[in-house]
Every structure is written in C-alpha cells, then in structure tokens.
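**Q** give me the fold of what follows.
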Amino acid sequence: EELLGLRGECSAMARVIERQTWSKEEAGIESARLRRHLGLRQAAANEAVLRGAAADTEDSALCGEVDLLQRELNEARVSLEASLQSRQRATQRQREFRDLILRQRRQQQELDAEGNMLRDLLSQARAA
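**A** Here you go, the predicted structure:
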C-alpha cells in the first residue's frame, strides 16, 4: 500500500511537472509572440518616423520653392510695372510728337496760304 501511495504521489508530481513544463512552454510561446508583436510595432514606428522625416524634408524643399517663386513673382511684378511706366512715357511722347507734327503742318499750311496770297498780290501788282 505504501508503494501504491508512493506511486500515486509520483504520478501526481509527474502531472504537476508536466503542467509546469507546459506552462513554461506556453509562457515562452506567449513571450515570443509578444516580442514579435513589439518588434512589428517598433518597425512601424521607425517607418513612421522615417516617413515623417521625409515629409519634413519635402515640406522644407517645397517651402524653399514657394519662397523662390514668390521672389520671382515679385521681380516679375516690378519688371511689369517698369514696363508699363516706360510704355506710358513712350505713349505720352508719341502723343506730343503727333501734336507737334499737327502744329507744324498747320503752320506750313498757313505759310503756304500766305505765300500763295503774296504771290497773287505780287502778280496783281506787276500786272497793274
């Protein structure tokens, strides 16, 4: 009977050891699963950081481009304003030249009329 009791105890102890072994294996498996999950999360975080850094770099580059385009736009506006002023001055001078030419034509017409009248008077004076 004592032998049966010892066998029963050994059997019970073997079951406890077996359960502990299973528990350790399950804990190892769970630990490995958690480590894998943590590794995946860390990789995703690293990728997000890299994407963020790339986005920051792209953002900086775009800001630089925008600044350059704004400077070019301002330069174009200044150039356009200068061109418009130059055009206005040229148009004003053209108008002044036209007015001058019109005045000179009128004066020439008046001088021609006066010359014709004087010739007529001289011809009449010679005839009389």
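**Q** residues near Gln109, how many?
**A** 10 (other C-beta atoms under 10 Å). Where you see a C-beta, it was placed from the backbone N, CA and C, and this is true even at glycine.
**Q** show me where this structure has helices.
**A** Secondary structure of the chain (DSSP state H): helices at 2-127.
**Q** okay, now the unreliable bits of it?
**A** Low-confidence segments of the chain, defined by pLDDT under 70, span residues 1-2, 22-23.
**Q** now the residue nearest the centre of it: how far from Arg41?
**A** In the chain, the residue lying closest to the centroid (C-alpha atoms, centre = their mean) is Val66, at 4.3 Å. Distance, Val66 to Arg41, by C-beta to C-beta, to the nearest Å: 36 Å.
**Q** ditto for Arg89
**A** Going from Arg89 to Arg41 by C-beta to C-beta gives 71 Å.
**Q** how about Ser83?
**A** Remark: distance between Ser83 and Arg41 (C-beta to C-beta) = 61 Å.
**Q** Leu73 too?
**A** To Arg41, Leu73 is 46 Å away according to C-beta to C-beta.
**Q** same check, this time on Leu6
**A** From Leu6 over to Arg41 (counting by C-beta to C-beta), the distance is 51 Å.
**Q** list the residues that contact Asp99.
**A** By C-beta atoms under 8 Å, 6 or more residues apart in numbering, the contact list for Asp99 is empty.
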